[in-house]
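Engineer: dropping a prediction and its sequence here:
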Amino acid sequence: MLLKKKGFLFMGLLLTLALAAISAGAAQYQGGGPGGPGGRRGPMSPDDRLKQMTKDFDLTADQQAKIKPILVDQQKQMDDLRNNSSGDRQSMRGQMMKIQQDTNTQIRALLDDKQKDKFDQMEKDRQARMQNRRGGPGGPGGPGGDNQGGPPPQN
C-alpha cells in the first residue's frame, strides 16, 4: 500500500514538472521571451536599429555614418534617464518622447524625399501601435486612466 502511494506521488510530481515545462515553452512562444513571435524585449541596439533602417530606407553609406552617432546618443540619453529617474513614470515618459522626437527630427533631416515619406508612414504606424497597446490616449482606459474598459471618453 505504501509503495502504491509513493508511486502516485512520484507520477504526480512528474506530471507537475511536465506541465510546468510545457507552460514555460508556451509563454516563450507567445512572446514571453526573447526571440518569440511577440518580438524582442527591450530596446534595440544602435547597430541593430541602423541595420533595420538601412534595410527599410535603403540608406547610403554616408547616411549610415551620419545616423549612427544620433542613434548612439539617443540610447545614451535613454539609458541615463532610466538610471537616474526619480520614479515619476509620467515625467520619464514625457522626457523619453522628447528624446524620440528629437532623434526623429535629426534622422529625418538626413533622408531624401522618398525616404522621408516612408519614414513618416512608419512613424505613424508605430504611434498607432503604441496607441492601441496603451488602450487610447493617456494609457489603459483613456485620458484619465481610470476608465477600465470600453472606448476612451469623448471630450
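Structural biologist: Structure's in. What do you need? Numbers count the residues shown, from 1 in each chain.
Engineer: so Arg126 is in which element?
Structural biologist: Secondary structure assignment for Arg126, by DSSP states H and E: helix 113-134.
Engineer: and that helix, what does it pack onto?
Structural biologist: Judged by 3 or more Cβ pairs under 8 Å, 6 or more residues apart in numbering; DSSP states H and E, helix 113-134 is in contact with helix 46-57, helix 89-108. Yep, even glycine has a C-beta here, placed from its N, CA and C like the rest.
Engineer: could you dump those helices to JSON lines with mean pLDDT?
Structural biologist: Formatted as JSON lines, the helices and strands packed on helix 113-134 follow (pLDDT from 0 to 100):
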{"stretch": "helix 46-57", "mean pLDDT": "96"}
{"stretch": "helix 89-108", "mean pLDDT": "92"}
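Engineer: hang on, the earlier thing: so the helix holding Arg126 versus helix 46-57, what angle?
Structural biologist: With axes from the mean of the first three to the mean of the last three Cα atoms, to 10 degrees defining the directions, helix 113-134 sits at 120 degrees from helix 46-57.
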